[in-house]
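> Quick one, structure for this:
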Amino acid sequence: MQILEFVLQVILGITSVLLCLLILLHKGRGGGLSDMFGGGMTSSAGSSGYAERNLNRFTIALALVWFLAIVALGLVTKFEVM
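Sure, this is the predicted structure:
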């Protein structure tokens with residue numbers, strides 16, 4: 001169980017950092033860091049570009065992995081045999 005707990009903690013740490021970076025890349029009301037990488041070139045008529053849609057998909061997938069790592073770590077900690 002110690003190895004599983006360590007692996008889940010590493011996954012949680014890595015996904016936390018990556019999730020922060022992906023969220024910062026999103027376009028806000030006045031643009032975001034995504035403008036630095038060409039995300040500002042899409043039309044502002046309500047449709048998002050290909051890069052912005054992929055960024056949304058990656059962020060959602062990473063958020064699900066982050067959430068599952070938290071739940072799994074909580075379950076391992078709760079049911080750990082001393």
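
> Look up the pLDDT of residue 32 for me, please.
We have a pLDDT of 58 for residue 32.

> same question, the one 10 residues further on
For residue 42, the pLDDT comes out at 52.

> now swap in residue 21 and tell me
As predicted, residue 21 sits at a pLDDT of 95.

> remind me which residues of this protein are low pLDDT?
Applying pLDDT under 70 to the chain flags the ranges 29-48, 82.

> Okay, helices next: where are they in it?
Ranges of helices in the chain, per DSSP state H, are 2-25, 50-78.

> could you say what helices and strands the shortest one packs with?
Here helix 2-25 is seen to pack against helix 50-78 when contacts are counted using 3 or more CB pairs under 8 Å, 6 or more residues apart in numbering; DSSP states H and E. Bear in mind the C-beta positions are built from the backbone N, C-alpha and C, glycine included.

> In a markdown table, list the helices of the chain along with mean neighbour count.
Shown next, in a markdown table, are the helices of the chain (neighbours: other CB atoms under 10 Å):
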| stretch | mean neighbour count |
| --- | --- |
| helix 2-25 | 14 |
| helix 50-78 | 14 |
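
> and the residue nearest the centre of the chain, what does it touch?
Most central in the chain under CA atoms, centre = their mean is residue 19, positioned 3.0 Å from the mean C-alpha point. Counting by CB atoms under 8 Å, 6 or more residues apart in numbering, residue 19 makes contact with 59, 62, 63, 66.

> Enumerate every residue touching the nearest residue to the last one once chain neighbours are set aside.
This points to residue 66. Spatially, and ignoring its direct neighbours in sequence, residue 66 is nearest to residue 15 (4.2 Å; CB to CB, 6 or more residues apart in numbering). By CB under 8 Å, 6+ apart, the contact set of residue 15 is 62, 65, 66, 69.

> Make CSV out of those residues and add distance to residue 25.
Below are the contacts of residue 15 laid out as CSV (distance: CB to CB, whole Å):
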residue, distance to residue 25
62, 12
65, 17
66, 16
69, 21
